[in-house]
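K.L.:
here's a sequence, model it:
(chains A and B)
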2 protein chains.
Amino acid sequence: MNPFRFHNPTVLYYGRDQMEQHLVDEIRRFGTKVLLVYGGGSIRRMGLYDKITRLLEDGGIEWLELPGVEPNPRLTTVYKGIDLCRTHNVDLVLAVGGGSVLDCAKGIAMGTKFDGDVWDIYSRKAQATGALPLGTVLTLAATGSEMNSGGVITNWETKEKLGGGSPYTFPAFSFCNAENTFTVPRDQTVYGICDMLAHCFEHYFHPTPNTTLQQHLIEGVMQAIVETAPKVLEHPNDFDLRETLMLSSTMALNGMINMGLVGDWACHAIEHEISAIYDIPHGGGLAIVFPHWMDYVVSTNPSRFATLATEVFHVARDGRSDEELAQVAIAKVRAFYAAIGAPQRLADYGIGAENLEWMAQQAVRFKPIGQFRVLEADDVLAILKAAL
Amino acid sequence: MNPFRFHNPTVLYYGRDQMEQHLVDEIRRFGTKVLLVYGGGSIRRMGLYDKITRLLEDGGIEWLELPGVEPNPRLTTVYKGIDLCRTHNVDLVLAVGGGSVLDCAKGIAMGTKFDGDVWDIYSRKAQATGALPLGTVLTLAATGSEMNSGGVITNWETKEKLGGGSPYTFPAFSFCNAENTFTVPRDQTVYGICDMLAHCFEHYFHPTPNTTLQQHLIEGVMQAIVETAPKVLEHPNDFDLRETLMLSSTMALNGMINMGLVGDWACHAIEHEISAIYDIPHGGGLAIVFPHWMDYVVSTNPSRFATLATEVFHVARDGRSDEELAQVAIAKVRAFYAAIGAPQRLADYGIGAENLEWMAQQAVRFKPIGQFRVLEADDVLAILKAAL
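P.N.:
Residues are numbered from 1 along each chain as shown, chains lettered A, B, ... in the order given. Alright, predicted model coming up:
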């Protein structure tokens, strides 16, 4: 493994009623004025909005609101939030929603304490200089944003979707009550599953030597996802299944299972280019890209794919070579996506060949992408074409 | 899983040269006067003492010293440290050593900020009210004390060995350079391996429902330990192997793999009674107790033992029942201990039947122990007798 520094300061709450008991105290560590950031109407429909605002009111917490955060949250919404925080001297940003809402809130928190255009941080022209404290109430198991410092923002003007973060943007606290995910529709649940599994894949396929422990930890999270996902889709109101999935999504991207290794992240980069143009669900895009990426890079290290087959999908080796087992692993990944009803081709979203070259160029515009195998624009184009 | 709150604020450094680059800055977050706590002469022999004191000197950090911390660190040593910290207004306790040194330093840090006898915290009569900041430089892969808030102290007068901790006693930072474990003797390396594996067992055998993810994470750490241990003993100067073992010990007890579940901890309680009287190595005592505990409790949930066989020791099921596989698992555990040369019976330390009843009574003096199966004094006595 590589030398590393690990620090994850988020206070993580799981379980029923934790928010009811601790939200106000957690907020009061930082002040009494909150910007409540949320998305569409789902938190109102499920009663979560009422519950939270009642807690705030009873706890003597003043709040402003920024509703309407988009899936693939937009830079313009981040700007709105920054304005609100500055104008009203907000003490803490409280994000209630899924990864998009949380990511937007991170941009707001970081931008409020940045003397300049927050987009410069996402486009690697500047580094964050601080952030407002951030708290979250999670309503979707997917991105892991509840316990990490990163977030993805879309600049609709420039058609760019970029990830960014800072040591300042770990949530100070996150409340994860699986009940709040019962009403997540089937397709969103599927996208969340694809997203958390993709995070595991990004960690698992890497060139860092000496990662025995990390590989097994990543395999552990993947096993939990693969075992739980089909059951959740059958029993969407099962608290235990929803909670296992939620904690899997948190663990998949809070830095604990990938200490000291550099993950691949090529598929995320490619997917960002697709959804920057077509505004498709992130998890859906990842499910489309990954199997084709796997086909393209498998020869780089077939043994890594072989252990995916044996350790995660419990395929018996039966005397087969790594190369043979690697093909079994990729088939198993495809079968898993098919079983949960994830999209499998760009055509499933009506995407044709028209922008592939642009996307391939954009994906590598900062530098070549990927670690397991380094990809140039040509490679990305080949993967995208295979995914048509 | 149970509702839980997780917060681990330790800044964890792994790799060569991290201490050289960051130690002084980390200390300076808290002040400029340090109590340097260490054990025997090993840190001097390996040059670590010189390296650290040079860093402190060059960095303008003043220091006092408390050398001579014992294996199974003693309350009297904790008292000495508290006196030093109070008399000299120390800003931070810097522990350099293995788990014993770190645990002693935690007692000192906690006791300095406690108005009363720090032993009252360990004997459950009082709760900690604060602690001096604590930093660590780890020289032994074993206890996980570098990234958790607990520690074990022995009161030699009352023949009690008790674990205690507080939210205040997480190390603020820990430097884990596997090079610092190259000179750990073979038997100490073995005890460390037994200790970290025991922590995994304590988590793994529990009655909490719905822990799919946690079980897989614990299996991941156990696999890494079981695969790496025999190799480390053959190649004690192999950085990669030592580092994998070190990170396994950190992950085994930093709270991440056991979120939301209540581990068993009966074997630790029993071992504490043995070493409180006989001052044997903690890891050695655990290796003796665990297989006999397993024999005693296996019928409570054979399927948990069956997955230990299949997932950790990679035993093919071959149509066997959980009960049959459970016996295979216990045999595998015994074989692992034998292969690394761990002690297997109390007789290996010259311990006879003379104090077994006292130890059994003492083990349950606060309340019955264990979660996987609740044990009364009779049960503990039966396990101890089997271990003779």
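K.L.:
got the confidence number for whatever residue of the stretch 251-388 of chain A ends up closest to chain B?
P.N.:
Chain B sits closest to residue A:256 of the stretch 251-388 of chain A, with a gap of 5.1 Å, by Cβ to the nearest Cβ. Quick note: C-beta positions are derived from backbone N, CA and C, even for glycine. On the pLDDT scale, residue A:256 is placed at 97.
K.L.:
next: residue A:159.
P.N.:
With respect to pLDDT, residue A:159 scores 86.
K.L.:
measure it to chain B for me?
P.N.:
Applying Cβ to the nearest Cβ, to the nearest Å, the value for residue A:159 to chain B is 37 Å.
K.L.:
which helix or strand contains the closest residue to that residue other than its chain neighbours?
P.N.:
Of all residues not flanking residue A:159 in the chain, residue A:276 sits nearest, at 5.2 Å (Cβ to Cβ, 6 or more residues apart in numbering or on different chains). Using DSSP states H and E, residue A:276 sits within helix A:266-278.
K.L.:
show me what that helix is packed against.
P.N.:
strand A:150-155, strand A:160-165, helix A:186-204, helix A:282-297, helix A:356-363, helix A:377-386 (3 or more Cβ pairs under 8 Å, 6 or more residues apart in numbering or on different chains; DSSP states H and E).
K.L.:
so residue A:299: helix, strand or coil?
P.N.:
For residue A:299, the secondary-structure state derived from DSSP: H, G, I helix; E, B strand; the rest coil is helix.
K.L.:
burial count for it?
P.N.:
Other residues near residue A:299 number 11, with proximity taken as other Cβ atoms under 10 Å in any protein chain shown.
K.L.:
helix, strand, or coil at the residue of the stretch 251-388 of chain A closest to chain B?
P.N.:
Following three-state DSSP, the label given to residue A:256 is coil.
K.L.:
excluding covalently adjacent residues, which one is nearest to it?
P.N.:
Per Cβ to Cβ, 6+ apart, closest to residue A:256 is residue B:256, 5.1 Å.
K.L.:
repeat that for residue A:71.
P.N.:
residue A:100 is the one closest to residue A:71 (Cβ to Cβ, 6+ apart), at 5.1 Å.
K.L.:
from chain B, how far off is the one you found?
P.N.:
Applying Cβ to the nearest Cβ to residue A:100 and chain B gives a distance of 24 Å.
K.L.:
quick revisit: mean neighbour count added to the helices and strands packed on helix A:266-278, as TSV?
P.N.:
Formatted as TSV, these follow (neighbours: other Cβ atoms under 10 Å in any protein chain shown):
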stretch	mean neighbour count
strand A:150-155	23
strand A:160-165	21
helix A:186-204	24
helix A:282-297	25
helix A:356-363	19
helix A:377-386	19
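K.L.:
rank these by mean pLDDT and give me the bottom one.
P.N.:
With a mean of 90, strand A:160-165 has the lowest mean pLDDT of the helices and strands packed on helix A:266-278.
K.L.:
give me the sheet partners of the next helix or strand after it and which way each runs.
P.N.:
Once strand A:160-165 ends, the next helix or strand along the chain (criterion: DSSP H and E) is strand A:173-176. Applying DSSP bridges, strand A:173-176 is found paired with strand A:4-14 (parallel), strand A:134-138 (parallel).
K.L.:
starting at the chain centroid, how far to strand A:173-176?
P.N.:
Between the centre of strand A:173-176 and the centre of its chain there are 16 Å (Cα atoms, centre = their mean, to the nearest Å).
K.L.:
who touches it?
P.N.:
A:10-14, A:18-19, A:22-23, A:26, A:135-138, A:146-147, A:246-247, A:250 (Cβ atoms under 8 Å, 6 or more residues apart in numbering or on different chains).
K.L.:
again, only using 6 Å
P.N.:
Residues outside strand A:173-176 that contact it (Cβ atoms under 6 Å, 6 or more residues apart in numbering or on different chains): A:10-14, A:18-19, A:26, A:135-138, A:146, A:246.
K.L.:
which of the strands paired with strand A:173-176 is buried the deepest?
P.N.:
Of all the strands paired with strand A:173-176, strand A:134-138 has the most neighbours on average by mean count of other Cβ atoms under 10 Å in any protein chain shown, namely a mean of 28.
K.L.:
pLDDT on that strand, on average?
P.N.:
In the prediction, strand A:134-138 has an average pLDDT of 98.
K.L.:
and the nearest residue to residue A:300 once chain neighbours are set aside, how many neighbours?
P.N.:
Leaving out its chain neighbours, the residue that sits closest to residue A:300 by Cβ to Cβ, 6+ apart is residue A:373, at 4.6 Å. As a burial measure, residue A:373 scores 19 neighbours (other Cβ under 10 Å).
K.L.:
for residue A:373, which three-state class applies?
P.N.:
Taking three-state DSSP, the label given to residue A:373 is coil.
K.L.:
just to revisit the earlier point, is it true that the residue of the stretch 251-388 of chain A closest to chain B touches residue B:257?
P.N.:
No: using Cβ atoms under 6 Å, residue A:256 is not in contact with residue B:257; the gap is 8.8 Å.
K.L.:
these two: which is more packed in?
P.N.:
Ranked by neighbour count (other Cβ under 10 Å), residue A:256 and residue B:257 place residue B:257 first, with 28 against 21.
K.L.:
domains of chain A?
P.N.:
A:11-181, A:186-386 (automatic domain parsing).
K.L.:
of all the residues in the stretch 201-350 of chain A, which ones are close to chain B?
P.N.:
For the stretch 201-350 of chain A, the residues in contact with chain B (Cβ under 6 Å from any Cβ of the partner chain) are A:210, A:212-213, A:216-217, A:220, A:223-224, A:240, A:244, A:247-248, A:256, A:260.
K.L.:
so which bits of the helix holding residue A:276 are buried?
P.N.:
Across helix A:266-278, burial judged by 16 or more other Cβ atoms under 10 Å in any protein chain shown covers A:266-276.
K.L.:
try stretch A:172-182
P.N.:
Neighbour counts over stretch A:172-182 (16+ other Cβ under 10 Å) mark A:172-181 as buried.
K.L.:
please apply the same query to stretch A:314-334.
P.N.:
By neighbour count with 16+ other Cβ under 10 Å, stretch A:314-334 contains the buried residues A:315, A:320, A:322, A:325-330, A:332-334.
K.L.:
just put the residues you listed in TSV and tack on secondary structure, pLDDT and distance to residue B:37.
P.N.:
As requested, those are arranged in TSV below (DSSP: H, G, I helix; E, B strand; the rest coil; pLDDT from 0 to 100; distance: Cβ to Cβ, whole Å):
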residue	secondary structure	pLDDT	distance to residue B:37
A:315	coil	96	50
A:320	coil	98	54
A:322	helix	98	49
A:325	helix	98	50
A:326	helix	98	51
A:327	helix	98	55
A:328	helix	98	53
A:329	helix	98	49
A:330	helix	98	53
A:332	helix	98	51
A:333	helix	98	50
A:334	helix	98	56
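K.L.:
closest one to residue B:367 out of these, please.
P.N.:
Taking Cβ to Cβ as the measure, residue B:367 lies nearest residue A:315 of the buried residues of stretch A:314-334, at 46.0 Å.
K.L.:
the nearest residue in space to the closest one that is not next to it in sequence: what's it in contact with?
P.N.:
Spatial nearest neighbour of residue A:315, excluding adjacent residues (Cβ to Cβ, 6+ apart): residue A:309 at 4.2 Å. Contacts for residue A:309 (Cβ under 6 Å, 6+ apart) come out as A:315, A:325, A:328-329.
K.L.:
repeat for residue A:236
P.N.:
Neighbour list for residue A:236: empty [criterion: Cβ under 6 Å, 6+ apart].
K.L.:
tell me the span between the first and last residue of stretch A:289-305.
P.N.:
End-to-end distance of stretch A:289-305 (Cα to Cα, to the nearest Å): 16 Å.
K.L.:
who's in contact with that stretch?
P.N.:
A:267, A:270-271, A:322-323, A:326, A:329-330, A:333-334, A:372-373, A:383, A:386-387.
K.L.:
equivalent analysis for stretch A:214-227, please.
P.N.:
If you take Cβ under 6 Å, 6+ apart as the criterion, stretch A:214-227 is touched by A:196-197, A:200, A:203-204, A:248, A:251-252, A:257-258, A:261, A:311-312, B:212-213, B:216-217, B:220, B:223-224.
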